[in-house]
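Q: sequence first, then the predicted structure, then my questions.
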Amino acid sequence: MPTEIKCPSCGHEFEPNESIRKSIEEEVRKEANERAEQWKKNKEKEIEEAIRKNLASDFETKLRLLEQNNKENEEKLKMARQQQLDILKKEQELKTKEAELEISVQKKLHEEREKLSGEIRKLEEQRIAARETEFQLQLKELQKQLEDQKKLAEEMRRKAEQGSMQLQGEVQELALEEMLRVAFPFDVISEVGKGVRGADCIQTVRNNFGQECGKIIYESKRTKDFAADWIEKLKADMRSQNADVAVIVTQALPKDMNGFGEKDGVWICSFDEVKPVVQMLRDGIIKISSALKSQENRGDKMSLLYSYLTSREFAEQWQAIREGFMNMKLSIQKERDAMEKLWKAREKQLEKVLLNAAHIRGSIEGISGTDVDLNLLENNIPEADE
């Protein structure tokens, strides 16, 4: 506890600060010195006056009282020396007390200074701990907001994929019909009746003379997994519609296929592969139709089509198409891998920027003592002070 000082005049008690303590010390020291000097001067003056009076009296009677005056002067001199010694002793005692007072005051000031430093250090440690706790809370809050945003984006993407699955399938059906009409303007592209399950459209193949040569029936699928019953359903639709070839255009291939090809009498390919596959099948249908018209007794359409599809010519054409497709697919995959790598790198950079922004915000708020809006996830631009 700080030491209180009582005023000797009015009796008021007050707590001294450092400047008051110094002032009191100077006044006490000055007053003690002045008193000692004044007392000494007074004593010296008294002695001088006494000596002066004695000298005057002795001068008048020095012949008669020389011996007596000498004795008296010796006694007075002895007394003066004793008085001088007493003065020196008192002065030394005063200096000793002054030194003791100085030591006591300095010790008290040191104790008060140490106590004040300890309190300030404790307050500073508490303030730093509070800032650290607030920073950790803000950092966790920012991390939680980031995780919530990621979860929300993932949930929205998943719902969008699920909600638009049917729409995507319909869009692919329309895109398939439009692509066939543009690529093969001489053929007739027509929708399959609503009573037919599975099949989407039929392509009536015509030669350069406008003669019908055969039909290709299509089923468009845009799902993540391939269903085995699609093949049997489309084969049934092919028989009911009197089509010659069946094609399934799907995003997901069967597990035992890594590219387009024929499975159980039905051709399977992706949307990107439709055009070359149809071109190949269409050429086969036209050639078979021409052969049937020139050699009607050779066999039915299916046997001729089978002969063509198992011929060396078809195998070479198919190999050329497959090589071109695989080169194109590898190029697309490389581009996709490069972009995904770039996206991952940018995502890491974004997380690092957000973390550094949180550190900067905590430091600024700790120094200024006020909240600072530096949230990068919101479109808030701080206004400049005028």
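A: Looks like it arrived, so ask away. Residues are numbered from 1 along each chain as shown.
Q: chain center to the longest strand anywhere in the chain, what's the gap?
A: Ranked by residue count and defined by DSSP state E, the top strand of the chain is strand 212-221. How far strand 212-221 lies from its chain's middle: 55 Å, per CA atoms, centre = their mean, to the nearest Å.
Q: now do whichever helix or strand comes after that strand and strand 212-221, the angle between them.
A: As assigned by DSSP states H and E, the chain's next helix or strand after strand 212-221 is helix 229-240. Relative orientation of helix 229-240 versus strand 212-221 (axes from the mean of the first three to the mean of the last three CA atoms, to 10 degrees): 150 degrees.
Q: what comes up buried for helix 229-240?
A: By 16 or more other CB atoms under 10 Å, the buried positions in helix 229-240 come out as 230-231, 233-235, 237-238. Where C-beta positions appear, they are placed from N, C-alpha and C, glycine not excepted.
Q: ditto for stretch 107-117
A: 109, 112.
Q: the stretch 1-150 of the chain: helices as residue ranges?
A: With DSSP state H, counting those that start in this stretch, the ranges of helices along the stretch 1-150 of the chain come out as 18-163.
Q: and the gap between the residue of the chain most remote from its centre and residue 270?
A: Relative to the centre of the chain, the most outlying C-alpha is that of residue 64, 114.8 Å out, by CA atoms, centre = their mean. Residue 64 sits 155 Å away from residue 270, going by CB to CB, to the nearest Å.
Q: before we move on, what about residue 257?
A: Counting by CB to CB - residue 257 and residue 270 are separated by 11 Å.
Q: higher neighbour count, these two?
A: residue 270 (16 against 13; other CB atoms under 10 Å).
Q: next up, the contacts around the more buried one.
A: 249-251, 253, 260 (CB atoms under 8 Å, 6 or more residues apart in numbering).
Q: would you quantify the distance from it to residue 187?
A: For residue 270, the distance to residue 187 - CB to CB - is 21 Å.
Q: what of residue 287?
A: Distance from residue 287 to residue 187, by CB to CB: 15 Å.
Q: what about the two, which has more around it?
A: Neighbours were tallied for residue 287 and for residue 187 using other CB under 10 Å; the higher tally belongs to residue 187 (21 against 17).
Q: contacts only, for that one.
A: 180, 203-206, 282.
Q: if I look at it, how far off is residue 278?
A: From residue 187 to residue 278 the distance is 9 Å (CB to CB).
Q: which residues do these two both contact?
A: 180, 203.
Q: what's the neighbour count on the closest residue to residue 249 other than its chain neighbours?
A: Nearest residue to residue 249, sequence neighbours excluded (CB to CB, 6 or more residues apart in numbering): residue 220, at 4.9 Å. Number of residues near residue 220 (other CB under 10 Å) recorded here: 24.
Q: for residue 220, give me its contacts.
A: Neighbouring residues of residue 220 by CB under 8 Å, 6+ apart: 169, 172-173, 176, 200, 249-250.
Q: for residue 152, see how far away the residue nearest to residue 253 when sequence neighbours are not counted is.
A: Closest residue in space to residue 253, ignoring its immediate chain neighbours: residue 226 at 6.0 Å, by CB to CB, 6+ apart. Distance from residue 226 to residue 152, counting by CB to CB: 32 Å.
Q: just to be sure, which of the contacts of residue 187 are found in helices?
A: Of the contacts of residue 187, the ones assigned to helices by DSSP state H are 180, 282.
Q: among the contacts of residue 187, which one has the most neighbours?
A: Neighbour max across the contacts of residue 187 (other CB under 10 Å) = residue 203, 26 neighbours.
Q: list the contacts for that one?
A: Each residue near residue 203 by CB under 8 Å, 6+ apart is listed here: 180, 184, 187-189, 215-218, 278, 282.
Q: just the buried members of these?
A: 180, 184, 187, 189, 215-218, 278, 282.
Q: and those, which two are furthest apart?
A: 184 and 217 (14.8 Å; CB to CB).
Q: ok, the residue nearest to residue 253 - how many residues close by?
A: 18.
Q: and the gap between it and residue 123?
A: 71 Å.
Q: same thing with residue 234?
A: Residue 234 is 82 Å from residue 123, by CB to CB.
Q: cool, and residue 140?
A: For residue 140, the distance to residue 123 equals 26 Å [CB to CB].
Q: from the chain's centroid, how far away is the helix or strand where residue 358 lies?
A: Taking DSSP H and E as the definition, one finds residue 358 inside helix 312-368. Relative to the chain's own centre, helix 312-368 is displaced by 21 Å; criterion: CA atoms, centre = their mean.
Q: per-domain residue ranges of the protein.
A: 5-125, 170-310, 312-368 (automatic domain parsing).
Q: tell me which of those sits nearest to residue 135.
A: Among these, domain 312-368 comes nearest to residue 135, with 3.9 Å by CB to CB.
Q: list the contacts of the closest residue to residue 224 other than its chain neighbours.
A: Using CB to CB, 6+ apart and skipping the chain neighbours, the partner closest in space to residue 224 is residue 252 (5.7 Å). By CB under 8 Å, 6+ apart, the residues touching residue 252 are 221, 223-226.
Q: picking that back up, what's the helix holding residue 358 packed up against?
A: helix 18-163, helix 274-294 (3 or more CB pairs under 8 Å, 6 or more residues apart in numbering; DSSP states H and E).
Q: and the ones you listed, which is most packed in?
A: Neighbour counts (mean count of other CB atoms under 10 Å) averaged over each of the helices and strands packed on helix 312-368 peak at helix 274-294, with a mean of 18.
Q: neighbours of residue 354, just the number please.
A: 16.
Q: so for it, what's the pLDDT?
A: pLDDT, the model's per-residue confidence, is 73 for residue 354.
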